[in-house]
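Peer 1: what would the 3D arrangement of this be:
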Amino acid sequence: MSVLACILPVLPLKAETVVQGTLQLQWADPPRALPGRVQAQPQLDAWLDMGPGQRVALDVAQAQRAAGDLYALANRRVAVSYDTRTSIATSSKVMSASGALPAISTIVPTDRLPQRALAMGADGRVMSSAPILGATRWVTLMCKFADIATEQKPRSFFQDQYGNAPGQLGHYWAEVSYGQINLAGSSAHGWYTLPKPRSAYLADVNGKQKAQLSELFSDCASAADADVDFAGIQGVNLMFNGELDGNSWGGGACATLDGTYTCTRVTWSPPWSFANLAPLAHEMGHGYGLPHSNNSDGDSDTYDNPWDVMSDAWRHATTDATYGLLPKHPNMYQRERLGWLPASRKRIVAANNRETLEFVLDAGSVMKTANTQLVVLALPAQPDPYKTVIYTLEARRRTGTYEANLAGDAVIIHRLEDYGIAYSVDRDTPAANFSSNEGSMLKVGGRWSTPDELHWVEVVSATAQGFVVRVGPRPRAMSSPAPVLVRPTPVASSSPATPRPSSPAPAARPQVARRRGCDALPTLLRLAPVCALLER
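Peer 2: Sure, this is the predicted structure:
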């Protein structure tokens, strides 16, 4: 089917048609809203790339249901199954909603997972994510629009972003991955001039301007191709000297690199984004397959959880004189999904746990420890394992290069649902719009229970690197025996009883003889064998 798609401009799909390609997820992130302004909403686009000029848009909601853990399949070869008749319009342009493919029934990976891939996640679900380990070499390409001459930063600025000193990307990703990945060999190149003006890379989609990400990637890579060795890269950071469509973007895309059509992780950053390391790390996180995190206030703003770089990268961030706002750490569950958290540092409390457990929970910023850093409170499994809700516990301390400006020292609770989205839990009612409040922090002496009361959590005391935490089950309800009915004993009076007026005695009820044996049965059941048994 993939071969035919390269030949025919329109390919009819029949029931249960399977199409293979590379899954691309692309997240759009607006800048932080100014005080008093409404925060712009994020976007998520999903594409199936089947080769040069051959890609189709995927309905995100359908893709999430069909894949279970869609984010774990980002930038990987997948097979997509459709169960209705439709058409694939092959195009490199953004398709309208009517052109998106409906009725996606299944999405499964077709590539091979590394040997160290997790078969089961911390919540007991099947894991399809490929661990990201070792050298992840990124290349920065700085590109100028044909009608904008400004060069905001020199090449040395972007090159130094990849350094291994505190406050640089090499150091940051090594710290949050516990040394599991590095950016060795990463380099920056440019500035290069694009062949078109900025307006040529914008398209009108449903009345709004939208950046043409594939064209931007292709043209920028082509301009740099003579200078850059793309062999073995794990990602490309694109820096532009003008605004895109009001967003920075992160995820994946495909283009011809060194003469070979290649699909890889890609970010697209305008000047307001690359001037700060925090939003750039956020987009690189999307490149690694990390979705947005959120809080529990129930609104549509996903940028209101300041405990996670994959939610609010801006507030409660530390600052650097050169690289602006620095990124906080991602939540512990997402680090475990990418294979970064050693198995010895996670503890799973089963849904049917009947014991009270006490242990040390170290902060996620501690690089080396023999203690727990991620606790999973399991709940009863659902028929769809990807809809099973779990809760996680992690400790955060105001320390180090990236976490020193957090809202407080506390145990942070997350609820995992919606196919892997982490929502920070707020004990306040109603939940705060921004989760830097006391209700979002479980501190020493604080206690919390899961909504179904299967588990309760108590922070017993603080340690130098975290907290002593106690977790227990819902108390068993013991039924007590009914009290013995005691009848009062009649007490004889010491004085003659005062005669009472006589009253007519109630009429005695007729005594009904109790039927025994066969006579107690209905007529239809008075069979000889039955009666014989009853008479014994």
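Peer 1: can we go C-alpha only for contacts and neighbour counts from here?
Peer 2: Fine.
Peer 1: what residue ranges in this protein score low on pLDDT?
Peer 2: The model of the chain has pLDDT under 70 over residues 1-16, 34-39, 84-102, 113-129, 476-536.
Peer 1: dead centre of it: give me the residue that sits there.
Peer 2: Residue closest to the average C-alpha location in the chain (C-alpha atoms, centre = their mean): residue 421, at 2.5 Å.
Peer 1: if we ignore the residues flanking it in sequence, what's nearest that one?
Peer 2: residue 293 (5.8 Å; C-alpha to C-alpha, 6 or more residues apart in numbering).
Peer 1: mind checking how far residue 261 is from residue 301?
Peer 2: 37 Å (C-alpha to C-alpha, to the nearest Å).
Peer 1: oops, could you answer that again for residue 250 instead?
Peer 2: In this view, residue 250 and residue 301 are 18 Å apart by C-alpha to C-alpha.
Peer 1: between the two, which one's more packed in?
Peer 2: residue 250 (31 against 19; other C-alpha atoms under 10 Å).
Peer 1: hey, what's the more buried one bridged with?
Peer 2: Under DSSP bridges, the beta-bridge partners of residue 250 are residue 27, residue 267.
Peer 1: from memory it sits against residue 24, does it?
Peer 2: No - counting by C-alpha atoms under 8 Å, residue 250 stays clear of residue 24, with 10.4 Å between them.
Peer 1: re earlier: which ones are touching the residue nearest to residue 421?
Peer 2: Residue 293 makes contact with 302-303, 305, 308, 310-311, 421-423 under the criterion C-alpha atoms under 8 Å, 6 or more residues apart in numbering.
Peer 1: include distance to residue 142 and secondary structure when you put those into TSV, please.
Peer 2: Putting the contacts of residue 293 into TSV (distance: C-alpha to C-alpha, whole Å; DSSP: H, G, I helix; E, B strand; the rest coil) gives the following:
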residue	distance to residue 142	secondary structure
302	29	coil
303	27	coil
305	31	coil
308	28	coil
310	24	coil
311	26	coil
421	32	strand
422	33	strand
423	35	strand
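Peer 1: are any of those residues buried, and which?
Peer 2: Among the contacts of residue 293, those buried by neighbour count (16 or more other C-alpha atoms under 10 Å) are 302-303, 305, 308, 310-311, 421-423.
Peer 1: A helix includes residue 281, no?
Peer 2: Yes - Residue 281 sits within a helix when classified using DSSP: H, G, I helix; E, B strand; the rest coil.
Peer 1: ranges for the helices of the stretch 301-450 of the chain?
Peer 2: Using DSSP state H, counting those that start in this stretch, the helices of the stretch 301-450 of the chain run over 332-337, 400-403.
Peer 1: quick check: which of these is buried the most?
Peer 2: helix 332-337 (a mean of 22; mean count of other C-alpha atoms under 10 Å).
Peer 1: what's the spacing between that helix and its chain's center?
Peer 2: 9 Å (C-alpha atoms, centre = their mean, to the nearest Å).
Peer 1: state the distance from residue 290 to residue 338.
Peer 2: 9 Å.
Peer 1: between those two, who's got more neighbours?
Peer 2: More crowded of residue 290 and residue 338, by other C-alpha under 10 Å: residue 290, with 24 against 21.
Peer 1: hang on, residue 303 packs against residue 294?
Peer 2: Yes - using C-alpha under 8 Å, residue 303 is in contact with residue 294, at 6.5 Å.
Peer 1: apart from its neighbours in sequence, what residue is nearest residue 152?
Peer 2: Residue 152 sits nearest to residue 241 (C-alpha to C-alpha, 6+ apart), 6.7 Å away.
Peer 1: now do the contacts for that neighbour.
Peer 2: By C-alpha under 8 Å, 6+ apart, the contact set of residue 241 is 142-145, 148-152, 270-271.
Peer 1: go with 10 Å
Peer 2: Residues near residue 241 by C-alpha atoms under 10 Å, 6 or more residues apart in numbering: 142-145, 148-153, 191, 198, 269-272, 274.
Peer 1: so of those, which ones are in helices?
Peer 2: Of the contacts of residue 241, the ones assigned to helices by DSSP state H are 271-272, 274.
Peer 1: who wins for neighbours among the residues you listed?
Peer 2: Going by other C-alpha under 10 Å, residue 274 tops the ones in helices among the contacts of residue 241 with 25 neighbours.
Peer 1: now do that one against residue 140, distance only.
Peer 2: On the measure of C-alpha to C-alpha, residue 274 and residue 140 end up 11 Å apart.
Peer 1: spit out the residues that contact the two alike.
Peer 2: Joint contacts of residue 274 and residue 140 (C-alpha under 10 Å, 6+ apart) are 158, 161, 237-239.
Peer 1: number of residues surrounding residue 223?
Peer 2: Residue 223: 18 neighbours (other C-alpha under 10 Å).
Peer 1: quick check: nearest residue in space to it, chain neighbours excluded?
Peer 2: Using C-alpha to C-alpha, 6+ apart and skipping residues adjacent in sequence, the residue nearest residue 223 is residue 192, 6.2 Å away.
Peer 1: quick check, that neighbour in contact with residue 141.
Peer 2: Yes - contact between residue 192 and residue 141 holds when scored by C-alpha atoms under 10 Å: they sit 7.9 Å apart.
Peer 1: the more surrounded of those two?
Peer 2: The residue with more neighbours, out of residue 192 and residue 141, is residue 141; 25 against 19, by other C-alpha under 10 Å.
Peer 1: tell me what the more buried one is bridged to.
Peer 2: residue 189, residue 238.
Peer 1: ok, it to residue 275 distance?
Peer 2: Noted for residue 141: a distance of 15 Å to residue 275, by C-alpha to C-alpha.
Peer 1: also residue 140?
Peer 2: 14 Å.
Peer 1: neighbour count: these two, which is higher?
Peer 2: Using other C-alpha under 10 Å, the more surrounded residue of residue 140 and residue 275 is residue 140, with 23 against 19.
Peer 1: who's in contact with that one?
Peer 2: So residue 140 contacts 155, 158-159, 161-162, 186-190, 228, 235-239, 266-267 (C-alpha under 10 Å, 6+ apart).
Peer 1: please indicate which of those residues are buried?
Peer 2: 155, 158, 161-162, 186-190, 228, 235-239, 266-267.
Peer 1: residue 149 contacts residue 198, correct?
Peer 2: No - using C-alpha under 10 Å, residue 149 is not in contact with residue 198, being 11.4 Å away.
Peer 1: who touches both of those two?
Peer 2: Common neighbours of residue 149 and residue 198 (C-alpha under 10 Å, 6+ apart) are 241-242.
Peer 1: more neighbours, the two?
Peer 2: Legend: neighbour count by other C-alpha under 10 Å for residue 149 and residue 198, higher for residue 198 (21 against 11).
Peer 1: without its sequence neighbours, what residue ends up closest to that one?
Peer 2: In space, and not counting its chain neighbours, residue 198 is closest to residue 145: 5.5 Å by C-alpha to C-alpha, 6+ apart.
Peer 1: and for that neighbour, the neighbour number?
Peer 2: Neighbours of residue 145 using other C-alpha under 10 Å come to 23.
Peer 1: roughly how far apart are it and residue 241?
Peer 2: Residue 145 is 7 Å from residue 241, by C-alpha to C-alpha.
Peer 1: do residue 425 as well
Peer 2: Using C-alpha to C-alpha, residue 425 is found at 39 Å from residue 241.
Peer 1: okay, helices next: where are they in the stretch 51-200 of the chain?
Peer 2: Using DSSP H, counting those that start in this stretch, helices in the stretch 51-200 of the chain cover 60-67, 155-161, 169-176.
Peer 1: okay, now residue 243: neighbour count?
Peer 2: Neighbours of residue 243 using other C-alpha under 10 Å come to 16.
Peer 1: in a strand, it, correct?
Peer 2: No - assigned with three-state DSSP, residue 243 falls outside any strand and is coil.
Peer 1: apart from its neighbours in sequence, what residue is nearest it?
Peer 2: Using C-alpha to C-alpha, 6+ apart, the closest residue to residue 243 is residue 270 (5.3 Å).
Peer 1: wait, doesn't that neighbour sit right on residue 249?
Peer 2: Yes - Residue 270 is within contact range of residue 249, at 9.2 Å (criterion: C-alpha under 10 Å).
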